[in-house]
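Trainee: Based on what follows, work out the 3D shape:
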Amino acid sequence: MKNKIFILLPLFILFFNFSSYGTNLTINSEKPKVGDLIKIQYNGFLTKKNTKLYCVIFFKDFSKITQTLEIENKRNKIKSSFTIPDSAVYFTFFAVNISEIDNNYGQGYDFHVFENNKPIRYSYLMKGYNNKFNEFLFKGKVDYNEAAKNIEKEWQLYPEMENKCVPYYLEVLLKIPEKKNETLVKIKEKLDNGIQSKIQEREIRYFANLYYENNLKSLDSVKNILTKLFQNGITSSEKRISEIKYGENSNTIFEDIDYLLNSNHELTTFQRIDLVNYKLAVLLYQNRIEIFESVFSKAQKEYPKILLYSFLAHNFNEYAYSYFKGNKLDLANLFSKQSLRFYSNLDTLSISYGNSLDTYASIIYASGDLNNATKYQSKAVELMNLQNDTSNQRLIEYLNEARNFPEIINVGRKIIKANTSTNLIDSLYKNALKKLNKEDPDYLKLKKDAFQKKQKEILSKIINQKAQDFALFDLNGKTVQLKDYKGKILIIDFWATWCKPCLASFPAMKKLQNEFKDKNVKFVFISTLEHVNTSDSINLTEKILELANIRHFNEFEILIDQKNSKSGDFKMALDYNVQGIPAKFIVDKNGNLRYKSVGFGSEDKLRFEIDTVVNFLLSE
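Mentor: Below you'll find the model as predicted:
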């Protein structure tokens, strides 16, 4: 329902335009265009201290970026502004206050960019295509039926866009269970016809990825065909880029990169930026700073700055972290500083910038600079909205080493309130109180309130639908079925031998298994999406057993997901609609699927999540 607007305020009417789904966030233009200065006013339930306002901008080349907006917060309203950049076609806002988020009931406060009095070309396509990222971007709702409708609107507005929309439209339909089989048939037809008629290489690649997905052998076969059909095409360039980056001929890296960038080979913008990124990384590794600066300066003129800076900032942070883990602190420091530099040209208020600060703080702490490490870690924790318990713990540890007990109490209290504390943080917080002869009479209430709030958030995701039956082999060749666990709560963990976050979550899963061993709760670990040929069960079993010995999870009940040799699908992952791994699915005593989650953040978070759901189901 729209807010009332009084006739006595005509300027107000002219200034604000309400979004499609709500009135808590308004902008000053009914039909915003590229280059317009957009003034934003937010008065939702997060209009309070420490709230941050984010804008996700989508571009016609399928890229996107999240910007943290500078805000003015007063008189129960948050105001901000930003200029719509070139090539932008659609943008959406959301507000965050520590662990709270206002994403307009999962929709985002979204707006189309206009041209000639109608949504600009690619606007509805980007809205539909990017629907799948809603949960990742702003904890929004993913609705593939709605996504399909938006893509349809694109070619209704611009009939000439229909062929461009088809691959992405079919990808969306593929996610709708009742339409999957017929869509697969259409995709295969498009793929076969494309190869025979030599249509756009990009379309063939897209259809191949949709149809074969995790079937690497079939995908490689299609890529070999494309390399022959389009000798200077994207697939051929992809192969050459791989040879440059991972080949043995390191003496001609720069010549090979320059040749590829300036030849008649077709390259996507991302491939070009990837080559520049690699060239810059090698130059920095070799400490050739003058040439590094020259290459970077040229790249700023040739490529969209938002894409360039975000790509370089992310990758150089990854390089820095890798060198840090390898105890090469000088290189880690060098690459981390460049990552922060790239972010300074992009967005110094973002969570991503916070991640880079977190890396830099770890590096300089390891180099002996506790004072600056604490300063940068403090900023990182602030930018990450206190939501990363590992980063939170690092800050409290640094403060404790510096014996800064007042700040431990100050920050620790905020962390506890956000329910992103750890056992060590709690312990150091209590120690700081003791050192200063202070008490916190509200401590237990803070912990209880935060605990209950987090529990409520987790339990709000409880579902109730019939779980798909399965029949899979364990490592001894015995068939295991869902009905074998009737009367028990079953926790299903989808993982793979190559998945580092999966393996990182296993110590927590091991503790959870021990915790619930006498409570009629069972755990199964489904090896899926394996690159090893799952039809060769002996090789995969040997690999899993070897890994289990190294990683100490021999007691896990491990089952092997079965791969369809024709489609490349993994049956159980497909039946359970696994969108990524690690993934946890919890089935109740009656065989109903009650909860699912994807990813791994930390041991404490995972244990709290599983504990909450399992204890809820045990109490039913």
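
Trainee: Would you mind measuring from the most centrally placed residue in the chain to Asn592?
Mentor: Geometric centre of the chain, nearest residue: Phe136, 5.1 Å, by C-alpha atoms, centre = their mean. Phe136 sits 27 Å away from Asn592, taking C-beta to C-beta, to the nearest Å as the criterion. C-beta coordinates here come from the backbone N, C-alpha and C atoms, glycine included.

Trainee: Same question for Leu283.
Mentor: From Leu283 across to Asn592, the span is 57 Å (C-beta to C-beta).

Trainee: Which of the two has more residues huddled nearby?
Mentor: Higher neighbour count among Leu283 and Asn592: Leu283, with 20 against 14, using other C-beta atoms under 10 Å.

Trainee: quick one: the more buried one and Thr528, what's the gap?
Mentor: In terms of C-beta to C-beta, Leu283 sits 40 Å off from Thr528.

Trainee: now do Lys438
Mentor: 51 Å.

Trainee: With neighbour numbers in mind, choose between these two.
Mentor: It is Thr528, of Lys438 and Thr528, that has more neighbours when counted by other C-beta under 10 Å, with 26 against 11.

Trainee: so the more buried one sits right up against Ile492, yeah?
Mentor: No: in this structure, Thr528 is not within contact of Ile492 by C-beta atoms under 8 Å, at 10.4 Å.

Trainee: which SS class is Asn193?
Mentor: Three-state call for Asn193 (DSSP: H, G, I helix; E, B strand; the rest coil): helix.

Trainee: Return the residue spatially closest to it, with its sequence-adjacent residues excluded.
Mentor: The spatially closest residue to Asn193, leaving aside those adjacent along the chain, is Ile199, at 7.5 Å (C-beta to C-beta, 6 or more residues apart in numbering).

Trainee: Just the pLDDT for that neighbour.
Mentor: Looking at Ile199, its pLDDT stands at 73.

Trainee: Kindly report the same for Asp536.
Mentor: In this model, Asp536 is scored at 51, pLDDT.

Trainee: How about Ile253?
Mentor: 90.

Trainee: Likewise for Val532?
Mentor: Model confidence at Val532 (pLDDT) stands at 60.

Trainee: go on, Ile5?
Mentor: For Ile5, the model assigns a pLDDT of 33.

Trainee: Could you identify the helix or strand that succeeds the longest strand along the chain?
Mentor: Longest strand in the chain by number of residues (criterion: DSSP state E): strand 88-97. The helix or strand immediately downstream of strand 88-97 is strand 100-102, counting by DSSP states H and E.

Trainee: distance between the next helix or strand after that following strand and the chain's centre?
Mentor: Later in the chain than strand 100-102, the nearest helix or strand by DSSP H and E is strand 109-112. Its chain's C-alpha centre and that of strand 109-112 lie 21 Å apart, by C-alpha atoms, centre = their mean, to the nearest Å.

Trainee: Please save the CA atoms from strand 109-112 in PDB.
Mentor: Output of strand 109-112 as PDB, limited to C-alpha atoms (Å, rounded to 0.1, in the frame of the first residue of the first chain):
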ATOM      1  CA  TYR A 109      14.000  -2.100  -4.000                       C
ATOM      2  CA  ASP A 110      14.500  -2.300  -7.700                       C
ATOM      3  CA  PHE A 111      14.400   0.100 -10.700                       C
ATOM      4  CA  HIS A 112      14.900  -0.100 -14.400                       C
END
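
Trainee: Sheet partners, orientation included, of the helix or strand following it?
Mentor: Downstream of strand 109-112, the next assigned helix or strand under DSSP H and E is strand 114-115. Here strand 114-115 has these sheet partners by DSSP bridges: strand 118-119 (antiparallel).

Trainee: Tell me which residues are up against the strand it pairs with.
Mentor: Strand 118-119 is contacted from outside by 112-113, 157, using C-beta atoms under 8 Å, 6 or more residues apart in numbering.

Trainee: at 6 Å what do you get?
Mentor: Applying C-beta atoms under 6 Å, 6 or more residues apart in numbering, the set of residues contacting strand 118-119 from outside is His112.

Trainee: what do you get for stretch 318-337?
Mentor: Contacts to stretch 318-337, defined as C-beta under 6 Å, 6+ apart, come from residues 316, 339, 359-360, 363, 366-367.

Trainee: how about 10 Å then?
Mentor: Defining contact as C-beta atoms under 10 Å, 6 or more residues apart in numbering, one finds that stretch 318-337 is touched by 277, 281, 284-285, 287, 289, 315-317, 338-340, 355-364, 366-368, 376.

Trainee: likewise stretch 290-300?
Mentor: For stretch 290-300, the external contacting residues (C-beta under 10 Å, 6+ apart) are 254, 257-258, 272-273, 275-277, 279-286, 288, 305, 308-309, 312, 338, 341-342, 345.

Trainee: Report the residue spans of the stretch 401-550 of the chain with pLDDT below the cut-off.
Mentor: Low-confidence segments of the stretch 401-550 of the chain, defined by pLDDT under 70, are located at 532-538.
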